[in-house]
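>>> Provided below for reference: sequence and predicted model.
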Amino acid sequence: MGSLQLKSIRKAYGSHEVLKGIDLEVKDGEFVIFVGPSGCGKSTLLRTIAGLEDATSGSVQIDGTEVGHVAPAKRGIAMVFQSYALYPHLSVKDNMGLGLKQAGAPKAEIEDKVGKAANMLSLDPYLARRPAELSGGQRQRVAIGRAIVREPKLFLFDEPLSNLDAALRVNTRLEIARLHRSLKATMIYVTHDQVEAMTLADKIVVLNAGQIEQIGSPMDLYNRPANVFVAGFIGSPQMNFIEGARLGDVKAKTIGIRPEHMALSRESGDWKGKVVHVEHLGADTIVYIDSEQVGTITVRLFGEHRYAPDDIVYATPTVGAMHRFGDDDRVLA
């Protein structure tokens, strides 16, 4: 279908360097997600792959062929944007088939491919409607269908769910996951939402300030973060970081412990503190504690627990689940 190789990709706007030497290989059929904070360069990297931005230096190869000087329309890619970019005067059917029509495809081929994509995305009842008659989720599915009919080598998604409400995001996320399994296509997806990344990706690329911090499967990054940045970015609630701490035999410049790897008691424990806030989420209870020994810490308890602000509690970390980071903020062996 489509593999991708990026070699030493740099992108600068004048003296401002946005991408600082990106090396990445995406295998045929992989679902790869770029995550990182705003301004980290993830959308710029996606647009460089698409040809919508020119790399200042470096190589972009699709299926082993250099495409740095190939026009976007000739790269064998299809892109789904945050905005649906549908033609308001065209029906769903015509929006989905427009690219094929402009390429001169036979009418029968367009009908066949649009029909298959509509069926895959449950859009059959809406083919005669115009975009204004659709919900946000339906419009995004039309945009995805428009990409499917082109049968590209690479699907590129640029924060496609950020305009949807929470329920629609979940539903559309499931549809994209099913779509990937069905098409066995290579997909590259940009998001700032780590839940999307953790639930969809085969491989996550964590970007920060134009550089790759770590590449790995969702659980690799969660269980074995390479540095403090990745440890803090992946996981919600965020990992607790304790500076200059020593707990038993565990010593490091920074010790990290995830909120779910903490026990809480009203009687005894390692760190005494006062509850400052509690989030009752039904399946989870998130307790924020102001501790004299280690500052503010977060504890995630499964199920409903009746803690309240000003309660005095004792938190105890699971020593075997701690992450140790050195002076350079990288994980210690």
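Right, received. Where do you want to start?
>>> contact partners of the top helix by length along the chain?
In the chain, with assignment by DSSP state H, the single longest helix is helix 166-183. By CB atoms under 8 Å, 6 or more residues apart in numbering, the residues outside helix 166-183 that reach it are 31, 120-121, 135-137, 140-141, 144, 148, 157, 160-161, 164, 185, 187, 189, 193, 196, 199-200. Glycine gets a C-beta too; all of them are placed from N, C-alpha and C.
>>> ok, now with 7 Å
31, 120-121, 136-137, 140-141, 161, 164, 187, 196, 199-200 (CB atoms under 7 Å, 6 or more residues apart in numbering).
>>> and the buried ones among these, selectable in ChimeraX?
Isolation of the buried members of the contacts of helix 166-183 (16 or more other CB atoms under 10 Å) is achieved in ChimeraX through the command below:
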select :31,120,121,137,140,141,161,164,187,196,200
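>>> buried ones in stretch 231-240, by neighbour count?
Buried, per 16+ other CB under 10 Å, within stretch 231-240: Ala231, Phe233, Ile234, Gly235, Met239, Asn240.
>>> can you put these in TSV and add pLDDT, secondary structure and distance to Ile62?
Listed next are these as TSV, based on pLDDT from 0 to 100; DSSP: H, G, I helix; E, B strand; the rest coil; distance: CB to CB, whole Å:
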residue	pLDDT	secondary structure	distance to Ile62
Ala231	97	helix	33
Phe233	94	helix	29
Ile234	95	coil	28
Gly235	92	coil	33
Met239	96	coil	37
Asn240	96	strand	42
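>>> just curious, which of those is nearest to Lys253?
Nearest to Lys253 out of the buried residues of stretch 231-240 is Ala231 (CB to CB; 13.2 Å).
>>> surely the closest one meets Asp329?
No - using CB atoms under 7 Å, Ala231 is not in contact with Asp329, being 9.3 Å away.
>>> output the lowest mean pLDDT helix or strand found in the chain.
strand 246-247 (a mean of 64; mean pLDDT, DSSP states H and E).
>>> so which residues of the stretch 151-300 of the chain form helices?
Assigned by DSSP state H, counting those that start in this stretch, the helices in the stretch 151-300 of the chain fall at 166-183, 194-200, 218-223, 228-233.
>>> and those helices, which is most packed in?
Neighbour counts (mean count of other CB atoms under 10 Å) averaged over each of these peak at helix 228-233, with a mean of 21.
>>> what's the neighbour count on Thr44?
22 (other CB atoms under 10 Å).
>>> so what's it up against?
Lys11, Val18, Leu19, Glu53.
>>> and the closest residue to the last one other than its chain neighbours, what element?
Leaving aside its chain neighbours, Glu53 sits nearest to Arg47 (4.3 Å; criterion: CB to CB, 6 or more residues apart in numbering). Assigned by DSSP states H and E, Arg47 belongs to helix 42-50.
>>> quick check: the gap between Gln138 and Asn240.
As judged by CB to CB, to the nearest Å, Gln138 and Asn240 stand 41 Å apart.
>>> if I look at Glu279, how far off is Thr298?
10 Å.
>>> what residue is smack in the middle of this protein?
Ala197 (3.2 Å; CA atoms, centre = their mean).
>>> Lys42 contacts Val32, correct?
No - between Lys42 and Val32 there is no contact under CB under 7 Å: 11.4 Å.
>>> need phi/psi at Gly326.
The phi/psi pair for Gly326 (degrees, to the nearest 10) reads phi -90, psi -170.
>>> tally of neighbours for it?
If we define neighbours as other CB under 10 Å, then Gly326 has 14 of them.
>>> what's the answer for Glu267, then?
6.
>>> what's near enough to touch it?
By CB under 7 Å, 6+ apart, the neighbours of Glu267 are Tyr314.
>>> that one and Thr172: what is the separation?
Glu267 is 46 Å from Thr172, by CB to CB.
>>> do Met262 as well
34 Å.
>>> how about His69?
In terms of CB to CB, His69 sits 35 Å off from Thr172.
>>> again with Arg139
On the measure of CB to CB, Arg139 and Thr172 end up 11 Å apart.
>>> and what of Ala117?
Counting by CB to CB, the gap from Ala117 to Thr172 is 15 Å.
>>> kindly report the same for Glu111.
Taking CB to CB, one finds Glu111 at 26 Å from Thr172.
>>> same question for Gln214.
From Gln214 to Thr172 the distance is 27 Å (CB to CB).
>>> what do you get for Pro88?
Here the criterion is CB to CB. By it, Pro88 lies 21 Å from Thr172.
>>> next one: His323
33 Å.
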